[in-house]
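Q: Pasting a predicted model and its sequence here:
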2 protein chains.
Amino acid sequence: MTDFKSFFTHLCPIEEDNWRAFEKLFKPMQLKKGEYFIEAGEQARDIAFLEEGIIRAFYRNEKAQEYNKHFFLNPCFIGGYSSLITKQTNYINQEALSDCRLLVANYAEILQLYEKAPDIERGARILAEKFFVQKEQREVEIVLLDAEERYLKFQKEFPQLEQNIAQYHIASYLGISPTQLSRIRRKLAGK
Amino acid sequence: MTDFKSFFTHLCPIEEDNWRAFEKLFKPMQLKKGEYFIEAGEQARDIAFLEEGIIRAFYRNEKAQEYNKHFFLNPCFIGGYSSLITKQTNYINQEALSDCRLLVANYAEILQLYEKAPDIERGARILAEKFFVQKEQREVEIVLLDAEERYLKFQKEFPQLEQNIAQYHIASYLGISPTQLSRIRRKLAGK
DNA sequence: ATGATTTCTTTACCTATGTAAATGGAATTC
DNA sequence: GAATTCCATTTACATAGGTAAAGAAATCAT
């Protein structure tokens, strides 16, 4: 399992002093299954490194229907990224689907560190680019693939995950109803 | 109309020498309506600043159906961004919907410039973050809004554009058939 | 100015999917 | 261990939207 230092220093070379200054900004935190890292309605201020566990990021529309946007599996960064960047109200909720261990930092303190640690800022640029690429692939998936194709891709991208979370979460992620997912599963099982 | 220097130096402060080194990488280019800046199937190597004109970015699926992902209106950057980042095959096409004036640079030369111009790299980080935010807003739009709501949002986000491009391009961008867009337009006109 | 081509709208028909409800099994709580 | 809650599947019915075709209007080329 990749730890925090390995994860970040694989992005680009980081001087040891800068790494220590960066790492010091992060404090350990635990979430129990069902607890939220962030909720919609306020500006996000914290970012976290997910050391262990599963988190779902979702929106609610005005009918209180939930749409799962992404599943985060350790190791990775989590947080209301658009809100952190724009400093506006955050609309994403992030909820633990299992007990989780996190390292949490205040985003403004990280921005301040860029002045004296350009290699940390380079890591942040590379992360932003990776997140963009993930988003673009997700957009392509949503508009070009039908639900069955998206389900098969989900199984490839998140092996084992479907044994660990409810089917209706997967249906939501795929943008279909639980009924329709059940039909797709029956069809695939009949092959 | 914002020129290249204004556009980029509004992202963050840029030292004059670094700006000149950056600007020198870009060469003027023109596209006529119907010509392509990039086509799917090869790795992208160039990025461009769109000084004047309209460009659509689109994918084709295996049935050769086209899906408009974004409309670029000057002033902004264009190019196969995911391919530039990942150095893998580019799947986006970018076609001029009007005659266009561009400033084009080789992406690898820009990356080389980051070593001696950290302020240029900071501009790139800020751009990557802005592009991510745009992508996330687009994803939310696609999954949470129905076609009519997306059409109204398109009209707000791209005022006047629908007078300048074909309806079937707009339908593609909204993820519906031209028939369905026509039904929506009739319904809205009847209000 | 005219003919050809492209775009847009409309209609009929069909399919995919959502919703509501019912039922059964699994998991959780007491 | 029993009761309760949650999850998954299935069915019936309704609706939204795609497709194909036809016709009119707009645009383009000569």
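A: Great, that's in hand. Note that the structure is a prediction, hence the values are computed from the model and not measured. Residues are numbered from 1 along each chain as shown, chains lettered A, B, ... in the order given.
Q: Which positions in chain A make contact with DNA strand D?
A: Neighbours of DNA strand D within chain A, by CB under 7 Å from any atom of the strand: A:Ala166, A:Gln167, A:Tyr168, A:Pro178, A:Thr179, A:Leu181, A:Ser182, A:Arg183, A:Arg185, A:Arg186. To be clear about C-beta, it is placed using only N, CA and C from the backbone, and glycine gets the same treatment.
Q: closest to DNA strand C among those?
A: Proximity of the residues of chain A next to DNA strand D to DNA strand C was ranked by CB to the nearest atom of the strand; the top entry is A:Thr179 with 3.5 Å.
Q: Where does chain A get nearest to DNA strand D, which residue?
A: A:Gln167 (3.1 Å).
Q: what's near enough to touch A:Gln155?
A: A:Glu162 (CB atoms under 8 Å, 6 or more residues apart in numbering or on different chains).
Q: Regarding it, which helix or strand does it belong to?
A: helix A:147-157 (DSSP states H and E).
Q: That helix and DNA strand C, are they touching?
A: Yes: under the criterion of CB under 7 Å from any atom of the strand, DNA strand C is reached by helix A:147-157 at A:Ala147.
Q: Residues touching the following helix or strand past that helix, excluding its own?
A: Per DSSP H and E, the first helix or strand lying C-terminal to helix A:147-157 is helix A:161-164. Residues outside helix A:161-164 that contact it (CB under 8 Å, 6+ apart) are A:Ile54, A:Phe71, A:Leu73, A:Leu97, A:Ser98, A:Phe154, A:Gln155, A:Ile170.
Q: Now do the buried residues in helix A:161-164.
A: Counting neighbours by 16 or more other CB atoms under 10 Å in any protein chain shown, one finds that the buried residues in helix A:161-164 are A:Leu161.
Q: returning to that earlier point: the residue of chain A closest to DNA strand D: neighbouring residues, count only.
A: 12 (other CB atoms under 10 Å in any protein chain shown).
Q: That one contacts A:Thr179, correct?
A: No: with contact defined as CB atoms under 8 Å, A:Gln167 does not reach A:Thr179; the gap is 10.6 Å.
Q: quick one, what contacts the residue nearest the centre of chain A?
A: The residue lying closest to the centre of chain A (CA atoms, centre = their mean) is A:Phe72, at 4.1 Å. Residues in contact with A:Phe72 (CB under 8 Å, 6+ apart) are A:Leu50, A:Ile54, A:Ile55, A:Arg56, A:Ala57, A:Ile78, A:Gln94.
Q: who are the neighbours in contact with the second one?
A: When the contact criterion is CB under 8 Å, 6+ apart, the partners of A:Ile54 are A:Phe71, A:Phe72, A:Leu73, A:Asn74, A:Ala96, A:Leu97, A:Ser98, A:Cys100, A:Leu161, A:Asn164, A:Ile165.
Q: and those as a markdown table, adding pLDDT and secondary structure?
A: Listed next are the contacts of A:Ile54 as a markdown table, based on pLDDT from 0 to 100; DSSP: H, G, I helix; E, B strand; the rest coil:
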| residue | pLDDT | secondary structure |
| --- | --- | --- |
| A:Phe71 | 94 | strand |
| A:Phe72 | 94 | strand |
| A:Leu73 | 93 | strand |
| A:Asn74 | 91 | coil |
| A:Ala96 | 93 | strand |
| A:Leu97 | 91 | coil |
| A:Ser98 | 90 | coil |
| A:Cys100 | 92 | strand |
| A:Leu161 | 91 | helix |
| A:Asn164 | 89 | helix |
| A:Ile165 | 92 | coil |
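Q: among the residues you listed, which are in reach of DNA strand C?
A: Within the contacts of A:Ile54, nothing lies near DNA strand C by CB under 7 Å from any atom of the strand.
Q: Make a PyMOL selection of the buried ones in those residues.
A: Per 16+ other CB under 10 Å, the buried members of the contacts of A:Ile54 correspond to this PyMOL selection:
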select buried, chain A and resi 71+72+73+74+96+97+98+100+161+165
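Q: rewinding a little: so for the helix holding A:Gln155, what gets flagged as buried?
A: For helix A:147-157, by 16+ other CB under 10 Å, it's A:Ala147, A:Glu148, A:Arg150, A:Tyr151, A:Phe154.
Q: ok, so what distance separates A:Leu103 from B:Tyr81?
A: 30 Å (CB to CB, to the nearest Å).
Q: er, A:Gln155 actually
A: On the measure of CB to CB, A:Gln155 and B:Tyr81 end up 28 Å apart.
Q: And for A:Ile47?
A: Counting by CB to CB, the gap from A:Ile47 to B:Tyr81 is 23 Å.
Q: near DNA strand C, which residues of chain A show up?
A: So chain A meets DNA strand C at A:Asp146, A:Ala147, A:Gly175, A:Ile176, A:Ser177, A:Thr179, A:Gln180 (CB under 7 Å from any atom of the strand).
Q: Sitting in helices, which of the residues you listed do you find?
A: A:Ala147, A:Thr179, A:Gln180 (DSSP state H).
Q: Check the gap between the first one and B:Cys100 for me.
A: A:Ala147 sits 37 Å away from B:Cys100, going by CB to CB.
Q: go on, the last one?
A: A:Gln180 sits at a distance of 43 Å from B:Cys100 (criterion: CB to CB).
Q: go on, A:Arg122?
A: 32 Å.
Q: Kindly report the same for A:Lys24.
A: On the measure of CB to CB, A:Lys24 and B:Cys100 end up 49 Å apart.
Q: Next, A:Ile14: secondary structure please.
A: State at A:Ile14, reduced to three classes by DSSP: H, G, I helix; E, B strand; the rest coil: coil.
Q: Double-check it against A:Phe8; I have them as touching.
A: Yes: assessed by CB under 8 Å, A:Ile14 is found in contact with A:Phe8 at 6.8 Å.
Q: Now the common contact residues for the two.
A: With CB under 8 Å, 6+ apart, A:Ile14 and A:Phe8 have common neighbours A:Phe22, A:Gly123.
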